[in-house]
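>>> Next comes the sequence, and after it the predicted model I'd like to discuss.
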Amino acid sequence: MKNLKLKAARTMKDMSQQDLADTVGVSRQTISSIEKGDYNPSIKLCISICKALDKTLDELFWE
Amino acid sequence: MNAYNIGFAVGILIGLILVAVIFAVKKKKRGKGEYDERQELIRCRGYKLAYFTLMIGTAFVLCFKAGDGFKYVDTDTAFVISIMISIVVFAVYCIIKDGYFGVFEKPKSVLVELFIIGVANLVIGLVNKEKWFVDGKLSMGSTNIICAVTILIVTLAGMIKLLLVKREDE
């Protein structure tokens, strides 16, 4: 299932996938895979993404 | 152990030392966390696929060895080919799934390095053309050309992937 919340939060922050990837220390393809719903990130990576986008886990990863 | 075997063993040892030194220097340059968690997962699957490919290849070669052997390839070379096939399986799987190039790695420079190594092997292989076949069978003298083919397949797969990513980005 696509993670549209993550994509929306990233766009709101005016960040590209590469910018977010660089901030959290992963590859651009990993961010792309998370947004497409092809990969379930670890809780550690979820927290890093939330911190980078100033969001909570609930806001980004809870259905 | 004859001079040929000693030379072969020393060659492999020097190769391993060179690879270890290159890896150590690269790791120092880039720091920790070369691959992210998704890439590590992909690489694990790649290693699994390569492992089973090697197992099947080895079993296949051993079955033939138990019989009359291969008609056009000697047994040692058949083992080398099965190792190279497993390397191709690992590399191509990782390239397709975006797990081959590290987070801080520049795919283009890696592909250029691979291309240079591939061409170097190709040239050495072509120089030793007369050693490819012994008694009508592909022999260990063709190892360089087998390595060249392996590396160039991986390079080609990487180039295709880069083009696809570029097209996707556009």
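Right, received. Where do you want to start?
>>> Could I get the contacting residues of the closest residue to residue B:84 other than its chain neighbours?
Nearest in space to residue B:84, with sequence neighbours left out and distances taken as CB to CB, 6 or more residues apart in numbering or on different chains, is residue B:150 at 4.2 Å. (Each C-beta comes from the backbone N, C-alpha and C, glycine too.) With contact taken as CB atoms under 8 Å, 6 or more residues apart in numbering or on different chains, residue B:150 is in contact with B:84, B:87, B:88.
>>> got the residues of chain B near chain A?
Residues of chain B lying close to chain A (CB under 8 Å from any CB of the partner chain) are B:33, B:36, B:37, B:38, B:39, B:98, B:101, B:103.
>>> The same query, at a cut-off of 10 Å, please.
B:32-33, B:35-39, B:41-42, B:97-99, B:101-105, B:165, B:168-169 (CB under 10 Å from any CB of the partner chain).
>>> Which entries within these meet the buried criterion?
With burial judged by 16 or more other CB atoms under 10 Å in any protein chain shown, the buried subset of those is B:35, B:36, B:38, B:39, B:42, B:97, B:98, B:99, B:101, B:102, B:103.
>>> got the buried residues for the helix or strand the third one falls within?
So that's residue B:38. Here residue B:38, judged by DSSP states H and E, is contained in helix B:37-66. Residues of helix B:37-66 classed as buried by neighbour count (16+ other CB under 10 Å): B:38, B:39, B:42, B:43, B:46, B:49, B:50, B:53, B:54, B:57, B:61.
>>> and if you look at stretch B:144-161?
In terms of neighbour count (16+ other CB under 10 Å), stretch B:144-161 has its buried residues at B:144-159, B:161.
>>> again, but for stretch A:36-47
A:39, A:41, A:45, A:46.
>>> quick one on the thing from earlier: using CSV, please lay out the buried residues of helix B:37-66 together with distance to residue B:72.
Below are those laid out as CSV (distance: CB to CB, whole Å):
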residue, distance to residue B:72
B:38, 42
B:39, 39
B:42, 36
B:43, 34
B:46, 30
B:49, 27
B:50, 25
B:53, 21
B:54, 21
B:57, 16
B:61, 13
